[in-house]
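# Just need the structure, nothing else, for what follows:
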Amino acid sequence: MYTLHITGNVTGYFVQKMFLNFFPGYGMIALEEGVSMKKKNVTFQDIADYTGFSKTTISRYFNNPDSLTLENQQRIADALVALDYKENKVARILASGRTEYIGIIVPNLYLHYYSEMLNQLLSTYEKYGYKFLVFVGNEKKDIERKYISELLAYQIEGMIILSHTISSEELAAYRIPIVTIEREDKYVCSVNTDNYMGGIQAASLLAKDNCDILIHINSDISPDIPSYGRIRGFQNICEEKKLPYEMIFEDFGNSYEEATKKMAEIFQKIEERYPTQQKGVFISNDTHANIFLNLIIRKYSIFPSKYRIVGFDNSPISSEAVIPISTIGHQMDVMADQSMELLLFQINERKKRRPKPLKEPIHKVVTPVLYRRNTTR
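Numbers count the residues shown, from 1 in each chain. Sure, this is the predicted structure:
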(Lines give C-alpha, C1' and ligand atoms only; values in the text may rest on other atoms or scores of the structure.)
Protein backbone atom coordinates (compact mmCIF):
# COMPACT_ATOMS: atom_id res chain seq x y z
CA MET A 1 0.00 0.00 0.00
CA TYR A 2 1.34 3.44 -0.92
CA THR A 3 1.33 6.29 1.58
CA LEU A 4 0.74 9.80 0.29
CA HIS A 5 2.13 12.50 2.62
CA ILE A 6 -0.12 15.60 2.74
CA THR A 7 -0.17 18.36 5.31
CA GLY A 8 -2.95 20.83 6.01
CA ASN A 9 -6.74 20.56 6.10
CA VAL A 10 -7.60 18.76 2.86
CA THR A 11 -10.93 17.15 2.02
CA GLY A 12 -11.10 13.45 1.28
CA TYR A 13 -12.37 14.07 -2.25
CA PHE A 14 -9.30 16.06 -3.32
CA VAL A 15 -6.97 13.57 -1.64
CA GLN A 16 -8.61 10.75 -3.57
CA LYS A 17 -8.38 12.70 -6.82
CA MET A 18 -4.69 13.53 -6.33
CA PHE A 19 -3.92 9.96 -5.35
CA LEU A 20 -5.61 8.47 -8.38
CA ASN A 21 -3.78 10.92 -10.65
CA PHE A 22 -0.46 9.70 -9.27
CA PHE A 23 -1.38 6.04 -8.88
CA PRO A 24 -4.13 5.03 -11.34
CA GLY A 25 -5.74 1.69 -10.65
CA TYR A 26 -5.49 1.86 -6.85
CA GLY A 27 -8.66 2.37 -4.89
CA MET A 28 -7.20 2.55 -1.34
CA ILE A 29 -5.29 5.31 0.37
CA ALA A 30 -3.72 5.61 3.81
CA LEU A 31 -3.82 9.08 5.35
CA GLU A 32 -1.44 10.28 8.05
CA GLU A 33 -2.32 12.60 10.91
CA GLY A 34 -1.81 15.75 8.87
CA VAL A 35 -4.95 15.04 6.80
CA SER A 36 -8.37 15.98 8.21
CA MET A 37 -10.76 13.00 8.19
CA LYS A 38 -13.82 15.16 8.79
CA LYS A 39 -16.13 14.99 5.76
CA LYS A 40 -16.93 18.40 4.31
CA ASN A 41 -20.25 19.13 2.67
CA VAL A 42 -19.86 19.15 -1.09
CA THR A 43 -20.44 22.64 -2.47
CA PHE A 44 -21.37 23.96 -5.90
CA GLN A 45 -17.70 24.98 -6.27
CA ASP A 46 -16.61 21.38 -5.63
CA ILE A 47 -19.00 20.14 -8.31
CA ALA A 48 -17.80 22.85 -10.69
CA ASP A 49 -14.16 21.88 -10.10
CA TYR A 50 -14.95 18.22 -10.67
CA THR A 51 -16.91 18.74 -13.89
CA GLY A 52 -15.10 21.75 -15.32
CA PHE A 53 -18.37 23.72 -15.49
CA SER A 54 -18.94 27.10 -13.90
CA LYS A 55 -20.85 27.52 -10.63
CA THR A 56 -23.57 29.24 -12.64
CA THR A 57 -24.00 26.12 -14.77
CA ILE A 58 -24.20 23.96 -11.65
CA SER A 59 -26.85 26.29 -10.22
CA ARG A 60 -28.84 26.03 -13.44
CA TYR A 61 -28.76 22.25 -13.14
CA PHE A 62 -30.60 22.44 -9.81
CA ASN A 63 -32.95 25.32 -10.55
CA ASN A 64 -33.59 25.04 -14.30
CA PRO A 65 -32.20 21.73 -15.61
CA ASP A 66 -34.00 22.02 -18.95
CA SER A 67 -31.69 24.93 -19.82
CA LEU A 68 -28.80 22.42 -20.07
CA THR A 69 -28.21 19.77 -22.69
CA LEU A 70 -28.98 16.19 -21.73
CA GLU A 71 -25.27 15.39 -22.01
CA ASN A 72 -24.31 18.12 -19.55
CA GLN A 73 -27.13 17.14 -17.20
CA GLN A 74 -25.76 13.60 -17.17
CA ARG A 75 -22.18 14.77 -16.53
CA ILE A 76 -23.33 16.73 -13.49
CA ALA A 77 -25.57 13.89 -12.28
CA ASP A 78 -22.61 11.48 -12.48
CA ALA A 79 -20.49 13.96 -10.54
CA LEU A 80 -23.09 14.13 -7.76
CA VAL A 81 -22.90 10.37 -7.36
CA ALA A 82 -19.08 10.35 -7.43
CA LEU A 83 -18.87 13.13 -4.85
CA ASP A 84 -21.61 11.60 -2.68
CA TYR A 85 -23.44 14.92 -2.83
CA LYS A 86 -26.17 15.49 -0.22
CA GLU A 87 -28.50 18.37 -1.05
CA ASN A 88 -28.68 21.13 1.57
CA LYS A 89 -32.37 22.02 1.51
CA VAL A 90 -31.97 25.04 3.80
CA ALA A 91 -29.29 26.55 1.58
CA ARG A 92 -31.39 25.93 -1.50
CA ILE A 93 -34.41 27.63 0.06
CA LEU A 94 -32.30 30.65 1.00
CA ALA A 95 -30.85 30.84 -2.50
CA SER A 96 -34.03 30.32 -4.50
CA GLY A 97 -36.77 31.55 -2.16
CA ARG A 98 -38.68 28.32 -2.90
CA THR A 99 -39.59 26.25 0.14
CA GLU A 100 -41.56 23.55 -1.72
CA TYR A 101 -43.98 23.57 1.21
CA ILE A 102 -47.78 23.71 0.94
CA GLY A 103 -50.08 24.41 3.87
CA ILE A 104 -53.22 22.34 4.47
CA ILE A 105 -56.06 23.16 6.86
CA VAL A 106 -58.70 20.52 7.60
CA PRO A 107 -61.65 21.06 9.97
CA ASN A 108 -61.28 17.77 11.84
CA LEU A 109 -60.01 14.21 11.47
CA TYR A 110 -62.84 12.30 13.13
CA LEU A 111 -64.85 12.36 9.90
CA HIS A 112 -63.23 9.66 7.81
CA TYR A 113 -63.59 11.74 4.65
CA TYR A 114 -61.11 14.35 5.89
CA SER A 115 -58.54 11.84 7.09
CA GLU A 116 -58.69 9.96 3.78
CA MET A 117 -58.54 13.13 1.67
CA LEU A 118 -55.53 14.25 3.70
CA ASN A 119 -53.93 10.86 3.09
CA GLN A 120 -54.45 11.25 -0.66
CA LEU A 121 -52.98 14.77 -0.65
CA LEU A 122 -49.90 13.65 1.26
CA SER A 123 -49.47 10.81 -1.25
CA THR A 124 -48.91 13.33 -4.06
CA TYR A 125 -45.39 14.03 -2.75
CA GLU A 126 -43.94 11.24 -4.88
CA LYS A 127 -45.36 12.82 -8.06
CA TYR A 128 -44.97 16.54 -7.37
CA GLY A 129 -42.19 16.74 -4.75
CA TYR A 130 -44.00 19.18 -2.47
CA LYS A 131 -44.11 18.73 1.29
CA PHE A 132 -47.01 19.68 3.53
CA LEU A 133 -47.62 21.50 6.79
CA VAL A 134 -50.98 20.42 8.20
CA PHE A 135 -53.23 22.11 10.76
CA VAL A 136 -56.58 20.93 12.14
CA GLY A 137 -58.85 23.95 12.59
CA ASN A 138 -61.73 22.45 14.60
CA GLU A 139 -64.00 25.10 13.06
CA LYS A 140 -62.53 27.96 15.12
CA LYS A 141 -62.06 31.02 12.93
CA ASP A 142 -59.53 32.89 15.09
CA ILE A 143 -57.38 29.79 15.48
CA GLU A 144 -57.44 29.11 11.75
CA ARG A 145 -56.32 32.68 11.06
CA LYS A 146 -53.45 32.09 13.47
CA TYR A 147 -52.59 28.88 11.62
CA ILE A 148 -52.53 30.72 8.29
CA SER A 149 -50.19 33.38 9.73
CA GLU A 150 -47.95 30.58 10.97
CA LEU A 151 -47.95 28.93 7.55
CA LEU A 152 -47.12 32.19 5.79
CA ALA A 153 -44.22 32.71 8.20
CA TYR A 154 -42.77 29.44 6.87
CA GLN A 155 -42.96 30.94 3.35
CA ILE A 156 -45.29 28.27 2.02
CA GLU A 157 -45.89 28.44 -1.73
CA GLY A 158 -49.63 27.75 -1.57
CA MET A 159 -52.51 26.45 0.53
CA ILE A 160 -55.15 23.74 0.23
CA ILE A 161 -58.17 24.46 2.41
CA LEU A 162 -60.82 21.90 3.36
CA SER A 163 -62.15 23.79 6.37
CA HIS A 164 -65.37 25.81 5.95
CA THR A 165 -64.65 28.41 8.62
CA ILE A 166 -63.03 31.31 6.73
CA SER A 167 -64.82 32.74 3.68
CA SER A 168 -63.24 32.42 0.25
CA GLU A 169 -63.25 36.22 0.00
CA GLU A 170 -61.03 36.45 3.06
CA LEU A 171 -58.80 33.62 1.80
CA ALA A 172 -58.33 35.38 -1.55
CA ALA A 173 -57.08 38.48 0.29
CA TYR A 174 -53.95 36.60 1.39
CA ARG A 175 -52.64 36.89 -2.18
CA ILE A 176 -51.21 33.39 -2.23
CA PRO A 177 -52.13 30.44 -4.49
CA ILE A 178 -55.08 28.64 -2.91
CA VAL A 179 -57.24 25.65 -3.82
CA THR A 180 -60.26 24.65 -1.75
CA ILE A 181 -61.88 21.23 -1.71
CA GLU A 182 -65.61 20.73 -1.11
CA ARG A 183 -66.32 24.12 0.48
CA GLU A 184 -67.55 27.61 -0.48
CA ASP A 185 -65.28 28.78 -3.31
CA LYS A 186 -66.62 31.95 -4.98
CA TYR A 187 -63.33 33.86 -4.85
CA VAL A 188 -60.73 31.06 -5.02
CA CYS A 189 -59.93 28.06 -7.21
CA SER A 190 -61.45 24.75 -6.17
CA VAL A 191 -61.89 21.04 -6.79
CA ASN A 192 -65.27 19.53 -5.92
CA THR A 193 -67.33 16.43 -6.54
CA ASP A 194 -70.50 16.67 -8.63
CA ASN A 195 -72.61 16.48 -5.48
CA TYR A 196 -75.88 16.98 -7.36
CA MET A 197 -75.21 13.84 -9.39
CA GLY A 198 -74.31 12.05 -6.16
CA GLY A 199 -77.70 12.94 -4.64
CA ILE A 200 -79.43 11.64 -7.75
CA GLN A 201 -77.46 8.38 -7.62
CA ALA A 202 -78.36 7.80 -3.96
CA ALA A 203 -82.08 8.50 -4.37
CA SER A 204 -82.29 6.41 -7.55
CA LEU A 205 -80.64 3.42 -5.87
CA LEU A 206 -83.03 3.55 -2.90
CA ALA A 207 -86.00 3.95 -5.25
CA LYS A 208 -84.94 0.79 -7.13
CA ASP A 209 -84.92 -1.05 -3.79
CA ASN A 210 -88.68 -0.27 -3.53
CA CYS A 211 -88.41 1.63 -0.26
CA ASP A 212 -91.69 2.95 1.15
CA ILE A 213 -90.11 6.13 2.47
CA LEU A 214 -86.84 7.82 1.45
CA ILE A 215 -85.04 9.81 4.16
CA HIS A 216 -82.06 12.12 3.81
CA ILE A 217 -80.02 12.99 6.92
CA ASN A 218 -77.67 15.96 6.67
CA SER A 219 -76.45 19.07 8.44
CA ASP A 220 -78.28 22.32 7.82
CA ILE A 221 -75.72 23.65 5.34
CA SER A 222 -75.63 26.77 3.21
CA PRO A 223 -76.58 26.52 -0.50
CA ASP A 224 -73.19 28.00 -1.48
CA ILE A 225 -71.38 24.91 -0.14
CA PRO A 226 -70.86 22.30 -2.90
CA SER A 227 -72.25 19.42 -0.81
CA TYR A 228 -75.63 21.18 -0.80
CA GLY A 229 -75.99 19.62 -4.24
CA ARG A 230 -76.59 16.25 -2.54
CA ILE A 231 -79.71 17.71 -0.96
CA ARG A 232 -80.98 19.13 -4.26
CA GLY A 233 -80.27 15.97 -6.23
CA PHE A 234 -82.00 13.72 -3.70
CA GLN A 235 -85.00 16.01 -3.38
CA ASN A 236 -85.42 16.50 -7.14
CA ILE A 237 -85.48 12.76 -7.84
CA CYS A 238 -88.03 12.15 -5.08
CA GLU A 239 -90.31 14.88 -6.41
CA GLU A 240 -89.83 13.87 -10.05
CA LYS A 241 -90.72 10.24 -9.31
CA LYS A 242 -93.37 11.24 -6.74
CA LEU A 243 -91.63 9.26 -4.00
CA PRO A 244 -92.52 9.85 -0.33
CA TYR A 245 -89.52 11.43 1.38
CA GLU A 246 -88.37 13.28 4.47
CA MET A 247 -85.41 15.62 4.98
CA ILE A 248 -83.75 15.67 8.42
CA PHE A 249 -81.27 18.46 9.14
CA GLU A 250 -79.36 18.50 12.43
CA ASP A 251 -76.16 19.84 13.97
CA PHE A 252 -73.91 16.82 14.60
CA GLY A 253 -71.20 18.70 16.50
CA ASN A 254 -67.45 18.27 16.12
CA SER A 255 -66.82 14.87 17.67
CA TYR A 256 -67.80 11.23 17.33
CA GLU A 257 -69.56 11.34 20.69
CA GLU A 258 -71.71 14.33 19.74
CA ALA A 259 -72.59 12.80 16.38
CA THR A 260 -73.52 9.46 17.98
CA LYS A 261 -75.82 11.13 20.50
CA LYS A 262 -77.61 13.14 17.82
CA MET A 263 -77.88 10.18 15.44
CA ALA A 264 -79.41 8.05 18.23
CA GLU A 265 -82.15 10.66 18.62
CA ILE A 266 -82.81 10.64 14.87
CA PHE A 267 -82.88 6.85 14.77
CA GLN A 268 -85.44 6.73 17.57
CA LYS A 269 -87.71 9.22 15.77
CA ILE A 270 -87.50 7.24 12.51
CA GLU A 271 -88.35 4.03 14.38
CA GLU A 272 -91.41 5.67 15.95
CA ARG A 273 -92.56 7.43 12.78
CA TYR A 274 -92.12 4.55 10.32
CA PRO A 275 -92.30 1.34 12.40
CA THR A 276 -93.26 -1.07 9.62
CA GLN A 277 -92.28 0.72 6.40
CA GLN A 278 -89.17 -0.17 4.45
CA LYS A 279 -86.90 2.80 4.96
CA GLY A 280 -84.27 4.01 2.50
CA VAL A 281 -81.85 6.30 4.34
CA PHE A 282 -79.33 8.47 2.51
CA ILE A 283 -76.78 9.90 4.98
CA SER A 284 -74.47 12.77 4.14
CA ASN A 285 -71.17 11.01 4.96
CA ASP A 286 -69.85 7.53 5.65
CA THR A 287 -68.89 8.23 9.28
CA HIS A 288 -72.49 9.11 10.18
CA ALA A 289 -73.80 6.26 8.02
CA ASN A 290 -71.66 3.84 10.02
CA ILE A 291 -72.99 5.28 13.30
CA PHE A 292 -76.55 4.81 12.03
CA LEU A 293 -75.78 1.24 10.96
CA ASN A 294 -74.34 0.42 14.39
CA LEU A 295 -77.48 1.76 16.10
CA ILE A 296 -79.64 -0.53 13.95
CA ILE A 297 -77.49 -3.59 14.70
CA ARG A 298 -77.43 -2.84 18.43
CA LYS A 299 -81.23 -2.89 18.48
CA TYR A 300 -81.91 -5.80 16.10
CA SER A 301 -78.63 -7.79 16.28
CA ILE A 302 -78.89 -8.03 12.48
CA PHE A 303 -79.36 -5.63 9.58
CA PRO A 304 -83.14 -5.99 9.00
CA SER A 305 -84.69 -5.97 5.53
CA LYS A 306 -86.81 -2.92 6.42
CA TYR A 307 -83.70 -0.72 6.22
CA ARG A 308 -81.53 0.38 3.31
CA ILE A 309 -78.56 2.73 3.81
CA VAL A 310 -76.46 4.79 1.40
CA GLY A 311 -73.57 6.91 2.62
CA PHE A 312 -71.37 9.44 0.87
CA ASP A 313 -67.56 9.66 0.41
CA ASN A 314 -66.31 6.08 -0.06
CA SER A 315 -63.96 6.64 2.84
CA PRO A 316 -62.38 3.44 4.25
CA ILE A 317 -65.03 3.05 6.98
CA SER A 318 -67.68 2.33 4.33
CA SER A 319 -65.96 -0.91 3.26
CA GLU A 320 -64.58 -1.74 6.73
CA ALA A 321 -67.93 -1.45 8.56
CA VAL A 322 -69.38 -4.58 10.17
CA ILE A 323 -71.72 -4.65 7.17
CA PRO A 324 -70.09 -2.88 4.18
CA ILE A 325 -72.07 0.26 3.36
CA SER A 326 -73.26 1.29 -0.09
CA THR A 327 -71.95 4.77 -0.78
CA ILE A 328 -71.48 7.54 -3.31
CA GLY A 329 -67.74 7.91 -3.72
CA HIS A 330 -65.60 10.95 -4.18
CA GLN A 331 -62.72 9.98 -6.44
CA MET A 332 -60.38 11.25 -3.75
CA ASP A 333 -57.16 10.28 -5.50
CA VAL A 334 -58.31 12.20 -8.58
CA MET A 335 -59.39 15.18 -6.47
CA ALA A 336 -56.04 15.28 -4.67
CA ASP A 337 -54.14 15.12 -7.96
CA GLN A 338 -56.25 17.81 -9.60
CA SER A 339 -55.89 20.02 -6.51
CA MET A 340 -52.11 19.82 -6.77
CA GLU A 341 -52.19 20.47 -10.52
CA LEU A 342 -54.39 23.53 -10.05
CA LEU A 343 -52.26 24.84 -7.18
CA LEU A 344 -48.99 24.35 -9.08
CA PHE A 345 -50.47 26.09 -12.10
CA GLN A 346 -50.94 29.17 -9.91
CA ILE A 347 -47.55 28.80 -8.22
CA ASN A 348 -45.66 28.47 -11.50
CA GLU A 349 -47.49 31.41 -13.05
CA ARG A 350 -46.37 33.64 -10.18
CA LYS A 351 -42.73 32.73 -10.86
CA LYS A 352 -42.81 34.04 -14.41
CA ARG A 353 -41.17 37.35 -15.23
CA ARG A 354 -44.55 38.72 -16.27
CA PRO A 355 -47.21 36.66 -14.47
CA LYS A 356 -50.79 36.84 -15.67
CA PRO A 357 -53.24 36.71 -12.76
CA LEU A 358 -56.39 34.67 -13.24
CA LYS A 359 -59.35 36.73 -14.38
CA GLU A 360 -61.69 34.33 -12.58
CA PRO A 361 -61.15 31.37 -10.23
CA ILE A 362 -60.96 27.93 -11.83
CA HIS A 363 -63.45 25.37 -10.51
CA LYS A 364 -62.92 21.69 -11.36
CA VAL A 365 -65.68 19.13 -10.85
CA VAL A 366 -65.07 15.39 -10.45
CA THR A 367 -67.72 12.77 -11.24
CA PRO A 368 -68.86 10.66 -8.25
CA VAL A 369 -68.91 6.85 -8.36
CA LEU A 370 -71.66 4.63 -6.91
CA TYR A 371 -70.42 1.70 -4.81
CA ARG A 372 -73.14 -0.89 -4.18
CA ARG A 373 -72.46 -2.96 -1.08
CA ASN A 374 -74.42 -4.89 1.53
CA THR A 375 -76.74 -2.17 2.85
CA THR A 376 -78.66 -2.05 -0.45
CA ARG A 377 -79.70 -4.73 -2.88
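
# give me the element the nearest residue to Glu150 once chain neighbours are set aside is part of.
Leaving aside its sequence neighbours, Glu150 sits nearest to Phe135 (Cβ to Cβ, 6 or more residues apart in numbering; 7.6 Å). Quick note: C-beta positions are derived from backbone N, CA and C, even for glycine. Here Phe135, judged by DSSP states H and E, is contained in strand 131-136.

# That strand packs against which elements?
strand 101-106, helix 112-122, helix 141-153 (3 or more Cβ pairs under 8 Å, 6 or more residues apart in numbering; DSSP states H and E).

# Report the mean per-residue pLDDT for the following helix or strand past the longest one.
Counting by DSSP H and E, the element after helix 141-153 in chain order, helix or strand, is strand 158-161. Per-region confidence: strand 158-161 scores 98 on mean pLDDT.

# Format the helices and strands packed on strand 131-136 as CSV; extra columns: mean pLDDT, distance to Val81 and mean neighbour count.
Below are these laid out as CSV (pLDDT from 0 to 100; distance: least, Cβ to Cβ, whole Å; neighbours: other Cβ atoms under 10 Å):
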stretch, mean pLDDT, distance to Val81, mean neighbour count
strand 101-106, 96, 27, 22
helix 112-122, 97, 29, 20
helix 141-153, 94, 36, 15
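
# those strands in this protein, which residues are they?
In the chain, the segments counted as strands under DSSP state E are 101-106, 131-136, 158-161, 178-181, 189-193, 213-218, 245-249, 279-283, 307-313, 326-329, 363-366, 369-371.

# Okay, now the unreliable bits of the chain?
For the chain, the stretches with pLDDT under 70 are 1-39, 87-98.

# Next up, the contacts around the residue most central in space within it.
Geometric centre of the chain, nearest residue: Leu121, 2.0 Å, by Cα atoms, centre = their mean. Leu121 makes contact with Ile104, Phe132, Ile160, Ala336, Ser339, Met340 under the criterion Cβ atoms under 8 Å, 6 or more residues apart in numbering.

# okay but the third one is in contact with Pro177, surely?
The one in question is Ile160. No - with contact defined as Cβ atoms under 8 Å, Ile160 does not count as touching Pro177 (9.6 Å).

# sorry, back to before: what about the residue nearest to Glu150, distance to Glu182?
17 Å (Cβ to Cβ, to the nearest Å).
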